[in-house]
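*Asks:* Okay, predicted coordinates and the sequence, questions at the end:
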Amino acid sequence: MKFLRDQVDKLKPTFSEGGKLSFLHSTFDAFETFLFVPNHTTQNGSHIRDGIDLKRTMFIVVIAMVPALLFGMWNVGHQQSLALTGSDGDLLGNFWVGLLQTLPIIIVSYAVGLGIEMGFAQFRGHAVNEGFLVTGMLIPLCMPPDVPLWMVALATAFAVVIGKEVFGGTGMNLLNPALTARMFLYIGYPSSMSGDTVWAALPEGANTVDAYSGATALGNLASASSAGEGWSNSLLQGGSIMPSFIGNIQGSIGETSVVAILIGAVILVSAGVGSWKIMASTFLGGLFMGWIFNVSGGNGAWMDIPSFYHLIIGGFAFGAVFMATDPVSAAQTETGKWVYGFLIGVITVLIRVFNPGYPEGIMMAILLMNVFAPLIDYYVVQSNIKTRLKRVQA
Amino acid sequence: MGKNVKIKRGLDIALEGQPENKVYDVTAPVTFAIKPRDFKGLIPKLIVKQGDEVKAGDCLFTDKSNSSICFTSPVSGEIAEIVRGDRRAIMEVKILADSEISYKTFDTSEFSSKSRDEIKNLMLEAGLWPFIVQRPFGVLADTDVSPKAIHVSGFDSAPLAPDLNISLQGEESNLKIGFEVLKMLTDGTVHLNLHTKRDKNVYNQVSGVEINTFEGPHPSGLVGVQINQVDPINKGDVVWTVKPQHVAFIGKFFSTGNLNLEQTIAVGGSEFNAPGYYKTRVGASVSTILNDNLKQDNVRVISGNVLTGGKIAQDGYIGFSDNQLSIIPEGDQYELLGWLVPSYPRPTLSPSLPISKFLKKTFKVNTNPHGEPRAYVVTGQYEKVMPMDIMPQQLVKAVMAKDLELMENLGIYEVIEEDMALCEFVCTSKISVQQVLSEGLELMAEES
C-alpha cells in the first residue's frame, strides 16, 4: 500500500493546478479516490460519519447486475446457436460467443459515458460522480444483442449529455439516463430496437434454420391481440411460462432471465441500496392492472393472459428492479415511492394491452413516472405541511 | 399526566471508551475561558479588560443587543488574556484562577416569594440566563417573554454520554429548587422528560412538573425530539430548554446566593486512558484532565459528543454548555480501496457493511468521513434516524434553495442543528447537514 501511495503522490503534482496535465485533474482525482479513500477529516458538524459512501452504493448496484449480465452473455450465444444450428450449444461455447458480442457494447458504453462525464467534471471543476458506473452497465443490459456499436455510442452520449448533464449532473436528472438512451434508439432507430430480427446476434448474411422464429412473446401477443385471437400458452416463447422465467429466450441482453434479476433484487434489497417499496409496488401495480383486465373480460390475448405472466415476460422485471429504483429519478418520499411504483406497474400493462404498435410498456411507463415523480412528491410534502398547519389552528 | 413515547427511528452508536463509573477529582485547573462563540449569534460587549480581578459571578461581557444578559466568570481570579480572532472578534476571555475561589454574593433569600422579574434579574446578573436555550433557532432566551413551555431532557442518549445518575449525584435538592425556579419563569408547563429505564433517581425530589417518559435509541434523549412528540412548536411559539446539570446550577445559586459552576463531566473515547467522570467547572481548561491520559497525540478532542460537539485543542477549554469530552483518533490516513473493502470496522446504518453492522459491538471511530461529498442520490436514509414528524431531506433541500416559506412549512422552527446530527452521520452523500441547517436557521432568524 505504501508503495502504491508513493507512486500516486509522485504523479499528483503533474495533475494538480499548475502541473503539465492539470486539465486532467478531475480524471486523476477520480482514479485516485477510487484507489484510496482520501485522508480528509471532518471539520464541522458530526465528527464521525457512516462507513457508506456513494462509491460503495453504486458498486453494489453493479454487483447486483452481474447475474443478469452473465446469464445474458450465455443466452446471447445460446440464441445464436439455436438460430444457426437449431441445437442448444455447449455452455462455455455459448458464453464465449456472448462475451465477444456483449463486451464491446459494455466497453463502448463506459468509454463514451465516462469520457463525457470526466469532461464535464473538469469543465465544471467538480469531482467525477459515480452515477455512471451504474448507467454504463444498465445501457448494455437493455440493448438488443445485435445493436450496432455506433448506436450504443450515440445513445450513451445523448443520455449523458441531454438526459443528465444539462440538468446539472448526477443527482439532478429528471429521467433515468439508461432508459433515456434506450428511448433515444427506440425512436431514432426503431428497426434496430424492435421487431423479429434484432433479438439474436447473427453473423452478417448467415442463414437461420427453418424452425427458427425471431419473434418475442410481446410481439406475438400484440399481433394476436390485433388479429382478435385469444390467449394461449403457444404465444409465449417455448410454449410455456417457464422459459420466460428462466430466461433462455430472446430479448435484450440483460432482461430475459427473471431468476437472475431476482437474485439482483435480493442483493439490492438486502444491502439496503434498492428500494423494496418501489420494486414491490411496481409488481403489485402490474398484477393489479392485469387482474382488472382478466375480470373485465373481453377477448384478445393481452386481456386474458394470466395477470402474473405480465410480471415475467418482457422487460417488466428488469425495469422494476433496476430502472424504476434509480433513487434520483424515482419519487423521493417514502409514501411517494408506493404511488410511483404502483403506477409504473399499472401503466406498463395498460400500454401493453391497448397499444398494438408498441409491444413493451415498461420503458415508457418508467420514463413517464420519472416525469411525474416530483409531482407525487409534491403532494406527499403538501400533506405533511397541511398536518403542521392544522396543528396551529387546533 | 405526561406522555409515554416509544421512539423507534434512531441509532445508538456504541463507541469504545465508555466512561466508567469512577469519579475523579481534578487537580484544580489553573486557567478558565468563556467563549462567546459558544452562543449562537452573540456579539459580545466586553466589561472587563486584561489584568482585572474578578470574583466568581462577576460579569465578563454582555450581549451587545441586550446588555442585561451577563456572561460571568466561573471562578475568581485575574483576566489573563482576551483572545481575538479574525476582524478582532473575541474568541476567548481567559481567567487565571485563584487557588481559593471567592464568590460574589447575590441576595437570593426567600426566592420563592420574589416576583418573576426579580428572579429573572438575578439570573441575568449572575450569568445563569445563557444556560436557557430558546427555540425556534436555539438562541439565547428572550428576556421579556413567557415561553409556552420549558423542557428539560432528563437523560442523555448520545454516544459516550454521561449517565446523569452519576454526574448529578448529590444534586437532588439543587434540582428540586432549580425546577421550582423554572416554574416561576413561565405561565406554561415545565416538562421533565425521562427515560423509562434509566436516570431517574436524581429527580426523586422534583415535584410539580409534567413528567413524560421515553424509550428507544438515540435521539430519544434530544430535547427537540421530545418537544416534537409531547407538544410540538408551531409558528409563533416560544419554547425554552435547559439541560438538567444547568437546572442544578440554578438551584444551587438560589439556595446559596453564590454562582457555583462546579460540575461532573464524563470523559470518554478510545484514545483516553481513564474514561470516567471528572469533577471540574464550567469553562475549565481540559489539559489537566488530558495530561498523561492520551494514548497518542494525533487525536480529536471534542467538547460535547461526537455527533454535535465542538473541536477543541488539547489545551483548550470545555464549552460553556457541555458536560462531556470525547477523545477519538483523527482519521487523516489514506485507505486503500477503503470504500470497497474497509480495513477496520466502522459504525454504519447500512446493511451493505455486514461485518460492521451486525458483528461488532463497540467501535473505535475516527474523524475520516469515509468518502467525499456528493450530490443527493440516495433517498429514505434520513427518515430512518429522524423520529420527528419532519421530512428531513426535503427540509435540507429547502434550506439549500433558501426557500424561506418552504422551510417554515416543513417545520424548521422545530429543529436545531443537533436534532439532525444523525442525518448527517448516516448521509451517503456526506452532506454537512448541520452546517446547512445552521445557515437556514440563521436566515430564518434574521427574517423573523
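*Replies:* Received it, and whenever you're ready, just let me know what you need.
*Asks:* I'd like to know which elements the longest helix belonging to chain A is packed against.
*Replies:* Of all segments of type helix in chain A, defined using DSSP state H, the longest is helix A:91-124. Applying 3 or more C-beta pairs under 8 Å, 6 or more residues apart in numbering or on different chains; DSSP states H and E, one finds that helix A:91-124 makes contact with helix A:25-35, helix A:54-85, helix A:131-141, helix A:149-158. The C-beta positions use only the backbone N, C-alpha and C, and glycine is treated the same way.
*Asks:* Could you list the alpha-carbon positions for the next helix or strand along the chain from the last one in PDB?
*Replies:* It refers to helix A:149-158. Where DSSP states H and E defines the elements, the next helix or strand beyond helix A:149-158 is helix A:177-188. Only the C-alpha atoms of helix A:177-188 are listed here, as PDB (Å, rounded to 0.1, in the frame of the first residue of the first chain):
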ATOM      1  CA  PRO A 177     -30.300   8.100 -18.100                       C
ATOM      2  CA  ALA A 178     -30.100   4.500 -19.200                       C
ATOM      3  CA  LEU A 179     -33.700   4.500 -20.300                       C
ATOM      4  CA  THR A 180     -33.200   7.800 -22.000                       C
ATOM      5  CA  ALA A 181     -30.500   6.000 -24.100                       C
ATOM      6  CA  ARG A 182     -32.800   3.200 -24.900                       C
ATOM      7  CA  MET A 183     -35.700   5.600 -25.700                       C
ATOM      8  CA  PHE A 184     -33.400   7.600 -28.000                       C
ATOM      9  CA  LEU A 185     -32.600   4.500 -30.100                       C
ATOM     10  CA  TYR A 186     -36.200   3.200 -29.900                       C
ATOM     11  CA  ILE A 187     -37.400   6.400 -31.500                       C
ATOM     12  CA  GLY A 188     -34.500   7.200 -33.700                       C
END
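*Asks:* The closest residue to chain A within chain B: neighbour count?
*Replies:* Nearest to chain A, among the residues of chain B, is B:G371, at 2.5 Å (C-beta to the nearest C-beta). Here the number of neighbours of B:G371 (other C-beta atoms under 10 Å in any protein chain shown) works out to 26.
*Asks:* circling back: return the distance of the longest helix of chain A from the chain's centre.
*Replies:* 15 Å (C-alpha atoms, centre = their mean, to the nearest Å).
*Asks:* buried residues in it?
*Replies:* Residues A:94-95, A:97-99, A:101-102, A:105-106, A:108-110, A:112-114, A:116-122 are the ones in helix A:91-124 that count as buried (16 or more other C-beta atoms under 10 Å in any protein chain shown).
*Asks:* Quick one: the strands in the stretch 201-350 of chain B, in order.
*Replies:* Counting by DSSP state E, counting those that start in this stretch, the segments of the stretch 201-350 of chain B that form strands are B:210-215, B:239-241, B:262-268, B:276-281, B:299-303, B:310-312, B:324-329, B:335-336.
*Asks:* which one of these has the most crowded surroundings?
*Replies:* Most buried of the strands of the stretch 201-350 of chain B, by mean neighbour count (mean count of other C-beta atoms under 10 Å in any protein chain shown): strand B:324-329, with a mean of 26.
*Asks:* returning to what we had before: which residues are in contact with the residue of chain B closest to chain A?
*Replies:* A:V37, A:R49, A:I52, A:D53, A:L54, A:K55, A:R56, B:W339, B:T428, B:K430 (C-beta atoms under 8 Å, 6 or more residues apart in numbering or on different chains).
*Asks:* Before we move on, what's the pLDDT of A:L236?
*Replies:* Here the pLDDT value assigned to A:L236 is 88.
*Asks:* Contacts only, for it.
*Replies:* So A:L236 contacts A:A217, A:N220, A:P243, A:S244, A:Y309, A:I313 (C-beta under 8 Å, 6+ apart).
*Asks:* Can you pull out the low-pLDDT segments for chain A?
*Replies:* A:299, A:356, A:394 (pLDDT under 70).
*Asks:* Name the residue of it that lies nearest to chain B.
*Replies:* A:D53 (2.5 Å).
*Asks:* what about that residue, how many residues close to it?
*Replies:* 26.
*Asks:* hang on, it packs against B:K430?
*Replies:* Yes. The pair A:D53 and B:K430 passes the contact test of C-beta atoms under 8 Å, sitting 6.8 Å apart.
*Asks:* returning to that earlier point: which of the helices and strands packed on helix A:91-124 sits most buried?
*Replies:* It is helix A:131-141: most buried of the helices and strands packed on helix A:91-124 by mean count of other C-beta under 10 Å, with a mean of 26.
*Asks:* any idea how the chain splits into domains?
*Replies:* By default, I'm working from chain A. A:15-37+A:55-200, A:220-394 (automatic domain parsing).
*Asks:* look at chain B instead
*Replies:* Using automatic domain parsing, chain B is parsed into the domains B:4-26+B:99-256, B:382-447.
*Asks:* Checking the longest one against chain A, do any of its residues make contact.
*Replies:* So the one you mean is domain B:4-26+B:99-256. Yes. With C-beta under 8 Å from any C-beta of the partner chain as the criterion, chain A is reached by domain B:4-26+B:99-256 at B:I13, B:P232, B:N234, B:K235, B:G236.
*Asks:* List the residues that contact the third one.
*Replies:* Translated: B:N234. A:R388, A:R391, A:V392, B:Y413.
*Asks:* ok, so of these, who is nearest B:S438?
*Replies:* B:Y413 (14.6 Å; C-beta to C-beta).
*Asks:* Close to chain B: what parts of the stretch 101-250 of chain A are there?
*Replies:* Residues of the stretch 101-250 of chain A lying near chain B (C-beta under 8 Å from any C-beta): A:A127, A:N129, A:E130, A:G131, A:G168, A:G169, A:T170, A:G171, A:M172.
*Asks:* what number of residues lie near the last one?
*Replies:* Looking back up the chat, that one is A:M172. Neighbours around A:M172, by other C-beta under 10 Å: 13.
*Asks:* What separation do you get for the closest residue to it other than its chain neighbours and A:D50?
*Replies:* Leaving aside its chain neighbours, A:M172 sits nearest to B:A375 (6.5 Å; criterion: C-beta to C-beta, 6 or more residues apart in numbering or on different chains). Here B:A375 is placed at a distance of 17 Å from A:D50 (C-beta to C-beta, to the nearest Å).
*Asks:* if you count what's nearby, which of those two comes out ahead?
*Replies:* A:D50 (26 against 16).
*Asks:* Just confirm the more buried one contacts B:P347, I think it does.
*Replies:* Yes. Between A:D50 and B:P347 there is a contact at 7.0 Å, judged by C-beta under 8 Å.
*Asks:* May I see the buried residues of stretch B:183-197?
*Replies:* Buried residues in stretch B:183-197 (16+ other C-beta under 10 Å): B:K183, B:M184, B:L185, B:T186, B:G188, B:T189, B:V190, B:H191, B:L192, B:N193, B:L194, B:H195.
*Asks:* Turn the residues you listed into a markdown table, including pLDDT and distance to A:P144.
*Replies:* Compiled in a markdown table, the buried residues of stretch B:183-197 are given as follows (pLDDT from 0 to 100; distance: C-beta to C-beta, whole Å):
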| residue | pLDDT | distance to A:P144 |
| --- | --- | --- |
| B:K183 | 96 | 76 |
| B:M184 | 96 | 79 |
| B:L185 | 96 | 74 |
| B:T186 | 95 | 72 |
| B:G188 | 94 | 69 |
| B:T189 | 95 | 69 |
| B:V190 | 97 | 71 |
| B:H191 | 97 | 65 |
| B:L192 | 96 | 68 |
| B:N193 | 96 | 62 |
| B:L194 | 95 | 65 |
| B:H195 | 94 | 61 |
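*Asks:* Could I get those in TSV, plus columns for distance to A:G274?
*Replies:* Listed next are those as TSV, based on distance: C-beta to C-beta, whole Å:
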residue	distance to A:G274
B:K183	52
B:M184	56
B:L185	51
B:T186	49
B:G188	47
B:T189	46
B:V190	47
B:H191	41
B:L192	44
B:N193	38
B:L194	40
B:H195	36
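*Asks:* Quick check: the spatially closest residue to B:V415 that is not a sequence neighbour vs B:M407, distance?
*Replies:* Sequence neighbours aside, B:G224 is the residue nearest to B:V415 in space, at 5.9 Å (criterion: C-beta to C-beta, 6+ apart). Between B:G224 and B:M407 the computed distance is 16 Å (C-beta to C-beta).
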